[in-house]
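Participant: My questions are about this predicted structure, shown below with the sequence.
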Amino acid sequence: MELAFALAIGALTASGVYLLLRARTFPVVIGLTLLSYGVNLFLFSSGRLVTGGQPIIGSTSQYSDPLPQALVLTAIVIGFAMTAFVVVLALRNLADNEDDHVDGYQSEPKSRKKTEDAEVSGK
Amino acid sequence: MNHWLTAPIMIPLLGGILQVFMGYAPISLRRTLAMTTTVLMLVSAIILLVLADDGSYRAYAFGNWQPPFGIVLVLDRLAALMLVLTATLALFCHIYSIGGADEGNRQFHALFLFQLLGLNIAFLTGDLFNLFVAFEVLLIASYGLLMHGKGTARTVPGLHYVVLNLAGSSVFLISVGMIYSVTGTLNMADLALQVPKVSGENLLIVKAAGMMLLVVFGLKAAILPLCFWLPKAYATATAPVAALFAVMTKVGIYAILRVYTLIFGDQAGELAGLGMDWLFPLALITLAMGVIGALGSESLKTLVAWQVIISVGTLLAAMSLESEAGTSAALFYLLNTTWVVGGLFLVADLISRQRGTARDRIVTAPRMHNRTFLSTLFLIGAVAAAGLPPLGGFFAKLLILQAATPGTQMAWLWSVVLGGGFFTLIAYSRAGSIVFWRTVDGHVENPGKLSGTVSVSAGALVALSVVIVILAGPVTRYADATAAQLHNSRAYIEILKTPMVGEEN
């Protein structure tokens, strides 16, 4: 179980970081989401992985720590709100700059506009 | 248990919630209520400052849960100082904003108060995870505030700011998880007890987590490799927001000061002084970078934004000396720089309103109507920020230079701080002489009128640097006492033994 768990965290974090470094806002948002999934799983594992344990000391020989679960819950709620905000901001960036590049430039500066103009004038 | 500790959190929280439901109320009513909230917050912060000045630690346990099991608020001299610093800055920014900057967004006052709420939680909390929550509260309010205003100039810097801070939050959570997995606690007082006991391979985990925390706080404080988001974001933000954000980088500095004196302080065994050997050179490079940025800035607001980075570098350089004198000098500098930088953002905005299409760019333009008043404010601000006598910045820098121990450390600190001060002075003189003296013929159509509220608030913030000099005695005494309290943090651990309600005999 530990190996599968560690691999899942690693895969999520690696893909999250890779997507975060992309130049378009959509992959960046997905990257942030994946990164926060990886972080949430990691945080969950900080209380050790136990199956079937009760969250009360003394009730079983192996108890499961409830505190990381509370931390993860908080982190999920906050992460969800933040992701919603980034999505809105990314949409506004798209609307303001007519491009979803993270730095706001037009990806093909004038050539695309030129062809559009040519199409309009060529009618 | 002292219920006053919750006042700086409850007041902006309740005031902010009230504002959320009052989006359609008349703007004068909203402004009155919002101003009342900020004034009450300043009053509560001053009461806490008076309480904290006896040098003891006061704790407030939420829900009467005995620490380390529950969340605890802790008031000491440093927390009280940060509260008063923030509340004073916020009051003047808020007065400035009711001069017209709050229009166009029904939730401006709510966001402003939630921002203060987040800042106050961060300063009062005694729990590492609660610090993360406080960061998120102040960040989500700051995202909204940063986007406040007309036009599209803020979209891209805002996006960078949000994405960077979300990535920073992930790193914060990872380091919190690593620390919890080894020590089993996140209460700062309990961590100060548990961290020295860590040994073996667990030591490396805590060490890695501690260094990752430094990265997160460094991102908030804008230390060099993590500071490039700041100038654009601050320069495009609406003036009162940018002025309030002068305290945002100080949250990162507060967190570094708190965590690295309490948890990784002198008593932390093998982890004592973790990261401080990295912090000193990074701080000096940040300072140099800020000066280069200031010299190359095209507009007054960008110049002031780089001044934020210069002050971060100076503050961290003084703090990483790890001596009481260094910390005390840093606290004195902190008060001066935060208020002056806030004031300079407001002055830059006033100048920008009077210059038509030239805005705040450092170019020649027709002569301004209120040139004498604005140039005097700019002069006082620039003198205080660059660190010339007779204003606060000079004394603060003098204290910082005195705190260095002779040797290579002293050589580096003196040369970078003094050289940096000289080039900052050049940057300000260049900007000031072009903006105020080199005027062209012609007139600006419809120059903005200088109303009472905006000129008073901008003037008052800049004038605080004069007040600091007049009150230098008491301020230095308080800063010394704070530094002494921070460097003898054993007493902090006593809050674990605070009697809960019902246990007091």
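Facilitator: Looks like it came in fine.

Participant: Look at A:Tyr63 and say how many residues are nearby.
Facilitator: 16 (other C-beta atoms under 10 Å in any protein chain shown). Glycine gets a C-beta too; all of them are placed from N, C-alpha and C.

Participant: scratch that, B:Leu496
Facilitator: 17.

Participant: Now do the same contact list for the closest residue to B:Trp339 other than its chain neighbours.
Facilitator: Leaving aside its sequence neighbours, B:Trp339 sits nearest to B:Leu464 (C-beta to C-beta, 6 or more residues apart in numbering or on different chains; 4.3 Å). Neighbouring residues of B:Leu464 by C-beta atoms under 8 Å, 6 or more residues apart in numbering or on different chains: B:Thr88, B:Trp339, B:Val340, B:Gly343.

Participant: so what's residue 71 up against?
Facilitator: Picking chain A for this. A:Leu43, B:Phe129, B:Leu173, B:Val176, B:Gly177, B:Tyr180.

Participant: that's the other chain; I wanted chain B
Facilitator: B:Ala61, B:Phe62, B:Trp65, B:Thr125, B:Asp127, B:Asn130.

Participant: just checking, B:Thr152 touches A:Asn97?
Facilitator: Yes: using C-beta atoms under 8 Å, B:Thr152 is in contact with A:Asn97, at 7.4 Å.

Participant: out of those two, which sits in the busier spot?
Facilitator: A:Asn97 (16 against 13).

Participant: Quick check on the one residue sitting closest to the centre of chain A: phi, psi?
Facilitator: Centroid-nearest residue in chain A: A:Thr33, 1.4 Å away (criterion: C-alpha atoms, centre = their mean). Main-chain torsions, A:Thr33, degrees, to the nearest 10: phi -60, psi -50.

Participant: Buried residues in the helix or strand hosting B:Thr38, which are they?
Facilitator: For B:Thr38, the element it lies in under DSSP states H and E is helix B:27-52. Across helix B:27-52, burial judged by 16 or more other C-beta atoms under 10 Å in any protein chain shown covers B:30-31, B:33-35, B:37-38, B:40-42, B:44-45, B:48-49, B:52.

Participant: next one: stretch B:292-301
Facilitator: Here stretch B:292-301 shows B:Ile292, B:Gly293, B:Ala294, B:Ser297, B:Ser299, B:Leu300, B:Lys301 as buried, counting by 16+ other C-beta under 10 Å.

Participant: Let me know how buried residue 59 is, in neighbour terms.
Facilitator: Using chain A. What A:Ser59 shows, counting by other C-beta under 10 Å, is a neighbour count of 9.

Participant: actually it's chain B I care about, not the one you picked
Facilitator: Neighbour tally, B:Ala59, other C-beta under 10 Å: 21.

Participant: What residues does the closest residue to B:Gln194 other than its chain neighbours make contact with?
Facilitator: Closest residue to B:Gln194 apart from its sequence neighbours, by C-beta to C-beta, 6+ apart: B:Thr183 at 4.1 Å. By C-beta under 8 Å, 6+ apart, the residues touching B:Thr183 are B:Asp190, B:Leu191, B:Gln194, B:Val195, B:Val198, B:Val206.

Participant: could you redo the last one with a cut-off of 10 Å?
Facilitator: Taking C-beta atoms under 10 Å, 6 or more residues apart in numbering or on different chains, we find B:Thr183 in contact with B:Asp190, B:Leu191, B:Leu193, B:Gln194, B:Val195, B:Lys197, B:Val198, B:Asn202, B:Ile205, B:Val206, B:Ala209, B:Ile263.

Participant: Helices along chain A, start to end?
Facilitator: Counting by DSSP state H, one finds helices in chain A at the ranges A:2-20, A:25-45, A:66-97, A:111-122.

Participant: Deepest-packed of those helices, please.
Facilitator: helix A:25-45 (a mean of 21; mean count of other C-beta atoms under 10 Å in any protein chain shown).

Participant: What angle do helix A:2-20 and that helix make with each other?
Facilitator: Relative orientation of helix A:25-45 versus helix A:2-20 (axes from the mean of the first three to the mean of the last three C-alpha atoms, to 10 degrees): 150 degrees.

Participant: Can you confirm whether helix A:25-45 lies near chain B?
Facilitator: Yes: under the criterion of C-beta under 10 Å from any C-beta of the partner chain, chain B is reached by helix A:25-45 at A:25, A:28-29, A:31-33, A:35-36, A:38-45.

Participant: tell me the angle of the helix or strand where B:Tyr478 lies relative to helix B:27-52?
Facilitator: Applying DSSP H and E as the criterion places B:Tyr478 in helix B:472-487. Put simply, helix B:472-487 runs at 70 degrees to helix B:27-52, going by the same axes, to 10 degrees.

Participant: Which neighbouring elements make contact with helix B:472-487?
Facilitator: On a contact count with 3 or more C-beta pairs under 10 Å, 6 or more residues apart in numbering or on different chains; DSSP states H and E, helix B:472-487 meets helix B:27-52, helix B:77-96, helix B:248-262, helix B:324-354, helix B:392-403, helix B:452-470.

Participant: Show me how far the next helix or strand after the third one is from its chain's centre.
Facilitator: Stepping forward along the backbone from helix B:248-262, the first helix or strand reached (DSSP H and E) is helix B:276-295. The chain centroid and the centroid of helix B:276-295 are separated by 17 Å under C-alpha atoms, centre = their mean, to the nearest Å.

Participant: Perfect, that will be all.
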